[in-house]
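**Student:** Generate coordinates for the sequence data below:
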Amino acid sequence: MTTTEPNRWTDRRSDAVSARKEAYEQLRRASTWRLLAATKAPAVLAILQATFPAGDRRLPRSELIARVGAHLALLHDEDEHRADGAGIEEDSDLGEGRAGRSAAEYVDGWVREGYLTRRDDPQRTETTFEPSPATIDAIQFIASLEEHRPTTTESRLQLVVQQFERLAEETETDRDVRLADLQRRRESIEREIRDLAEGELMLPSPEASVDRLRDILQIAAELSGDFLQYREDLRGVDLHLREQILSPESSRGEILEQLLAGDDLLGQSTVGRTFTAFFRMLNDPVQTRTTQDLVDRLLERDFARSLGRAERERLANVFSDLYEPAQEVLDVKTELYRSLARFVRSQDFRQHRVLLEALQEAQGVALAQKDEVSTRAPFGLELDLSRVRLSSVAQHRLKDPTDPGAPAEAEVHDATSLSVEVLADLVRTNDIDLVGLTSHVNDVRGRAGQASIGEVLRERPAEQGLASVIGLMFLATSHAQEREGSTEIVTWRELDGRDYAARIPAYYFLDDLPVE
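**Tutor:** Okay, the predicted model is just below:
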């Protein structure tokens, strides 16, 4: 008689498959998977792509509903008794459930399912919407199936090998090995110089050049989709920090000390460090000019003529298209940091903690009694119904939230340009406190990673009025980086109590200013 020994390798593999299945079950509940598996996924994806074309990343609710309504027939073509494109079963209580849902109902359903993200922008009177990261991922996945472009190209392999080589060279700690690598690179460059001087010019084939260029454009296109995920990840870090502050564990004391000391825990997180490094490089004027020169040179190459019009436009604007979404991520990061700092410094977290403890205590009592008290047992407490006096709404005068009323007349002055010499002369003649302004810039920039003149003034109001603004502009011309073609509006209050505003060139302080 033989006995079967347990096969440990088979058991481990079976456990790994089971674990992977459980992980896929979790992913199946994610918005991306549900959108791709929805009955009306082709119609929903086509409508969302048409609703948010390139350049329209965010739309107000009225315009979004109008654009979806223009394609509503595509959604009504499917059987209304099956699951619709939002993954929601047909609800007979909906006003138009039998004849087809309205565009507004579809939009609300897509928000609930996580296909659209709702944003309340204080600068707008109407709620805005944008595609969620899950929708962006789904659209990119379908586009990759439609294009049928293989990713295992020679150019992509070269990009991988080049990055491996660069990382290995930059992290090499053996000085002799690093010196030998540099000598081999020098010999290769000298050999290429000799061949070129002798008239031998080796160029890659036009087909290979076009493949490499398209691979680079694909990587650049994926960057714009990552900005939405950056914002969601930053909000997730903010929520995790707030949960730690309210938790009874000992780690909350350390977090509170760091926040009270002004540490930017959002910027120190993995996603914060990654985005800060990306944003620094994107706003480096030298790097930007160099890269734009390279793009212009590539557009003049013969092989670039085989690109389509849309591809040429993407290549020409490959970096400029990243500025606005990157700035939005930075604004979200800055606002989350300020909100978290106010949450700690105003002691609001103590009230939240008391409320959380009361809820946990009530929940514990309920759980302890759930097996002893029947759900149909009489409740020994009488609750009186609330009463309210009803009257006609006609007696109230409705207020239009979009009507700001009669605005006060603003005094507008003609714009004039100030040179560095004029600013220096103004600083000397007006006794501007440059030492204090330097401290303000370093304080604000140290918390947020970088700061514009407007951000410094919002954090540290102008103590000398217009003189403080002039002092900041003087410091910016010497120590900050200007974003060419961009401006910002700064506000300040003069000593007489009146508020003023001005449009100035956009400068960003990226490093601490020297204290003189």
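**Student:** starting at the chain centroid, how far to stretch 62-77?
**Tutor:** Using C-alpha atoms, centre = their mean, to the nearest Å, the mean C-alpha position of stretch 62-77 is found 27 Å from that of the whole chain.
**Student:** try stretch 212-227
**Tutor:** Its chain's C-alpha centre and that of stretch 212-227 lie 16 Å apart, by C-alpha atoms, centre = their mean.
**Student:** Using PDB, write down the CA coordinates of the longest strand anywhere in the chain.
**Tutor:** The longest strand of the chain (DSSP state E) is strand 481-493. The C-alpha trace of strand 481-493 is given here as PDB (Å, rounded to 0.1, in the frame of the first residue of the first chain):
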ATOM      1  CA  GLN A 481      12.500  81.700 -11.400                       C
ATOM      2  CA  GLU A 482      10.100  83.400 -13.700                       C
ATOM      3  CA  ARG A 483       7.600  81.500 -15.700                       C
ATOM      4  CA  GLU A 484       7.700  83.100 -19.100                       C
ATOM      5  CA  GLY A 485       4.400  84.500 -20.300                       C
ATOM      6  CA  SER A 486       2.500  83.800 -17.000                       C
ATOM      7  CA  THR A 487       1.200  86.400 -14.600                       C
ATOM      8  CA  GLU A 488      -0.600  86.300 -11.200                       C
ATOM      9  CA  ILE A 489      -2.800  88.700  -9.300                       C
ATOM     10  CA  VAL A 490      -1.600  89.800  -5.900                       C
ATOM     11  CA  THR A 491      -3.600  91.600  -3.300                       C
ATOM     12  CA  TRP A 492      -2.600  93.700  -0.300                       C
ATOM     13  CA  ARG A 493      -4.100  96.200   2.200                       C
END
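**Student:** I'd like to know which elements that strand is packed against.
**Tutor:** Judged by 3 or more C-beta pairs under 8 Å, 6 or more residues apart in numbering; DSSP states H and E, strand 481-493 is in contact with helix 285-299, helix 453-459, helix 466-479, strand 499-509. All C-beta atoms are positioned from the backbone trio N, CA, C, and that covers glycine.
**Student:** so the longest one versus strand 499-509, what angle?
**Tutor:** Yep, that's helix 285-299 we're talking about. Interaxial angle of helix 285-299 relative to strand 499-509 (axes from the mean of the first three to the mean of the last three C-alpha atoms, to 10 degrees): 70 degrees.
**Student:** related to what we said a few turns ago, in JSON lines, list the helices and strands packed on strand 481-493 along with distance to residue 238 and mean pLDDT.
**Tutor:** Below are these laid out as JSON lines (distance: least, C-beta to C-beta, whole Å; pLDDT from 0 to 100):
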{"stretch": "helix 285-299", "distance to residue 238": "30", "mean pLDDT": "81"}
{"stretch": "helix 453-459", "distance to residue 238": "19", "mean pLDDT": "87"}
{"stretch": "helix 466-479", "distance to residue 238": "29", "mean pLDDT": "84"}
{"stretch": "strand 499-509", "distance to residue 238": "23", "mean pLDDT": "85"}
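**Student:** Let me know the secondary structure of residue 117.
**Tutor:** strand (DSSP: H, G, I helix; E, B strand; the rest coil).
**Student:** doesn't residue 128 make contact with it?
**Tutor:** No: contact criterion C-beta atoms under 8 Å: residue 117 and residue 128 do not qualify, at 9.3 Å.
**Student:** Name the strands paired with the longest strand of the chain and say parallel or antiparallel.
**Tutor:** Next to strand 481-493 in the sheet, as set by DSSP bridges, lie strand 499-509 (antiparallel).
**Student:** so how far is the partner strand off the chain centroid?
**Tutor:** Offset of strand 499-509 from its chain centre (C-alpha atoms, centre = their mean): 24 Å.
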